[in-house]
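Peer 1: A structural model of the following input is requested.
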Amino acid sequence: TPSATLGGNIEGSADGGVLVSVRNLLRKLLGRPPARARRSPTGRAGLGLRAGLTVPGLFAALHQRQASYVVLRWFEGLPHGNPDGDIDLLIADRDVAAIADLFEHDPKAVQVDLFSVSGLPGTTYYGMPYLPPAKAAEVLTSAVLFEDTCMVPGPEAHFLSLAYHTIYQKGQRSGLATSAAGVTSNPAPKHDYAGTLSTLAKAAGINVAITLEALDDYLGQRGWRPAPDVLANLAQNNKWLAAHLGRTATQA
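Peer 2: Numbers count the residues shown, from 1 in each chain. As a prediction, the model looks like this:
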């Protein structure tokens, strides 16, 4: 079993039986979450940093263990404070088992959503890989060091992955403009998706209108649109996407 203390040496590594290792090491994380825990797309509500582990300590441990990961979004406040909301981590399949001990169920701790490239048990987005696996691998390949603190997607990958999250996972809740009949965008989203995407597009040299329909067209051109069966599943909780696909959503 991999083990480490921050500032010390790592002993051991994940072996080739990654699925078995994941199941064993994540068993404690997959139990029934506390009633006060927030809802989580991974199904592990209340997953937080283990007792005594700080956010800088988390990234130090990930670096020490040579994990291939990125913080997907809203990391701009680091390293001087906690991320804006929970920490959304995308991590290589081979590294999931090696970092499982960094987390535990504690809804009062800094919360974490952990997504693996292929969607290993306990690291999915509502039972699906968070991103198309090939694109998730590209995001990890693009990783750059942010503020000497944590790995984040490169400029283009940051835009593409956030656009994917915005239109396919958030839809009208993101506040982005839409021409879909009968769909009203949230006038006060928690994050400024439109402004952030506009800034990221400019930084990456991407010229696209920041609307739900225009971004869907653009991601389709770039090979980032989900497969039809994934779109159908996502549309169950995305009124805009359901309308866009001509389906009926079941979002509360």
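
Peer 1: now do the contacts for residue 133.
Peer 2: 117-119 (C-beta atoms under 8 Å, 6 or more residues apart in numbering). In this view, the C-beta of every residue, glycine as well, is placed from N, C-alpha and C.

Peer 1: I should have written residue 117 there, sorry.
Peer 2: Going by C-beta under 8 Å, 6+ apart, residue 117 touches 90-93, 129, 131, 133, 136-137, 140.

Peer 1: recalculate using a threshold of 6 Å.
Peer 2: Contacts for residue 117 (C-beta atoms under 6 Å, 6 or more residues apart in numbering) come out as 92-93, 133, 136-137.

Peer 1: and for it, nearest residue in space, chain neighbours not counted?
Peer 2: Counting by C-beta to C-beta, 6 or more residues apart in numbering, residue 136 is the residue found nearest to residue 117 once chain neighbours are left out, at 4.4 Å.

Peer 1: find the centremost residue of this protein, please.
Peer 2: Centroid check for the chain by C-alpha atoms, centre = their mean gives residue 88 as the closest residue, at 4.3 Å.

Peer 1: circling back: distance of the residue nearest to residue 117 relative to residue 225?
Peer 2: Counting by C-beta to C-beta, to the nearest Å, the gap from residue 136 to residue 225 is 15 Å.

Peer 1: higher neighbour count, those two?
Peer 2: With neighbours defined as other C-beta atoms under 10 Å, residue 136 and residue 225 compare such that residue 136 has more, 25 against 18.

Peer 1: can you give me the helices for the stretch 151-252 of the chain?
Peer 2: Remark: helices assigned in the stretch 151-252 of the chain by DSSP state H, counting those that start in this stretch are 155-164, 193-204, 212-221, 228-235, 239-245.

Peer 1: model confidence for residue 106, exactly?
Peer 2: We have a pLDDT of 91 for residue 106.

Peer 1: how many neighbouring residues does it have?
Peer 2: For residue 106, the neighbour count with other C-beta under 10 Å is 17.

Peer 1: ok, it - contacts?
Peer 2: Contacts of residue 106 by C-beta under 6 Å, 6+ apart are residue 48.

Peer 1: likewise residue 166?
Peer 2: 174, 193.

Peer 1: do that again at 10 Å, thanks
Peer 2: Residue 166 makes contact with 73, 173-176, 189, 191, 193-194, 196-197, 210, 212, 215 under the criterion C-beta atoms under 10 Å, 6 or more residues apart in numbering.

Peer 1: just to revisit the earlier point, can you lay out the helices of the stretch 151-252 of the chain as a markdown table showing distance to residue 77, mean neighbour count and mean pLDDT?
Peer 2: Below are the helices of the stretch 151-252 of the chain laid out as a markdown table (distance: least, C-beta to C-beta, whole Å; neighbours: other C-beta atoms under 10 Å; pLDDT from 0 to 100):
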| stretch | distance to residue 77 | mean neighbour count | mean pLDDT |
| --- | --- | --- | --- |
| helix 155-164 | 16 | 23 | 98 |
| helix 193-204 | 13 | 17 | 98 |
| helix 212-221 | 25 | 18 | 97 |
| helix 228-235 | 29 | 16 | 95 |
| helix 239-245 | 29 | 22 | 94 |
